[in-house]
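Asker: sharing a sequence plus its predicted fold:
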Amino acid sequence: MELYPVAAVENIPEGTSKIVEVKGRSIGVYNVGGTYYAIQNYCPHQGAELCAGPVCGTTLESQVYEFTYGRDREIVRCPWHGWEFDLKTGKSLFSDRVRVRSYAVEVSNGQVRIALGT
């Protein structure tokens, strides 16, 4: 696997993301709690730019009129139809058979690098 530098650490602060191009692939890079994750910027449903969607969490069981959230800032929601994907794994929240490609991320010497297979 080859590592491709995509950004300096300070360019993707905690809680933010950046869309980058690597070898013709559009990839969203996310900083979740100080750990970086990368997923393909393509929704498998109808091809929307997935990483243009909001980053959110899930709702947990709670009392009436009370909303309790879990997995805060770990989920990306497709801007077209609301399909949700785990930023850490690329897995969908609604089916074991649907996912987006995720990429390994390495941080060293202040640089965020994405690993792509050859």
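Answerer: Structure received.
Asker: please identify the buried residues of the longest strand along the chain?
Answerer: In the chain, with assignment by DSSP state E, the single longest strand is strand 68-77. Across strand 68-77, burial judged by 16 or more other Cβ atoms under 10 Å covers 71, 73, 74, 75, 76, 77. Where C-beta positions appear, they are placed from N, C-alpha and C, glycine not excepted.
Asker: the fourth one touches residue 58, doesn't it?
Answerer: Which is residue 75. Yes: Residue 75 is within contact range of residue 58, at 6.3 Å (criterion: Cβ atoms under 8 Å).
Asker: need the overlap of contacts for the two.
Answerer: residue 93 (Cβ atoms under 8 Å, 6 or more residues apart in numbering).
Asker: got a pLDDT number for the residue nearest the centre of the chain?
Answerer: Nearest to the geometric centre of the chain sits residue 87, at 3.6 Å (Cα atoms, centre = their mean). Per-residue pLDDT puts residue 87 at 97.
Asker: for residue 105, same thing?
Answerer: At residue 105, pLDDT is 98.
Asker: could you do residue 118 as well?
Answerer: At residue 118, pLDDT is 55.
Asker: circling back: next SSE downstream of the longest strand of the chain?
Answerer: strand 84-86 (DSSP states H and E).
Asker: one step back: now do the contacts for the residue nearest to the centre of the chain.
Answerer: Residue 87 neighbours (Cβ under 8 Å, 6+ apart): 30, 32, 37, 39, 55, 74, 75, 76.
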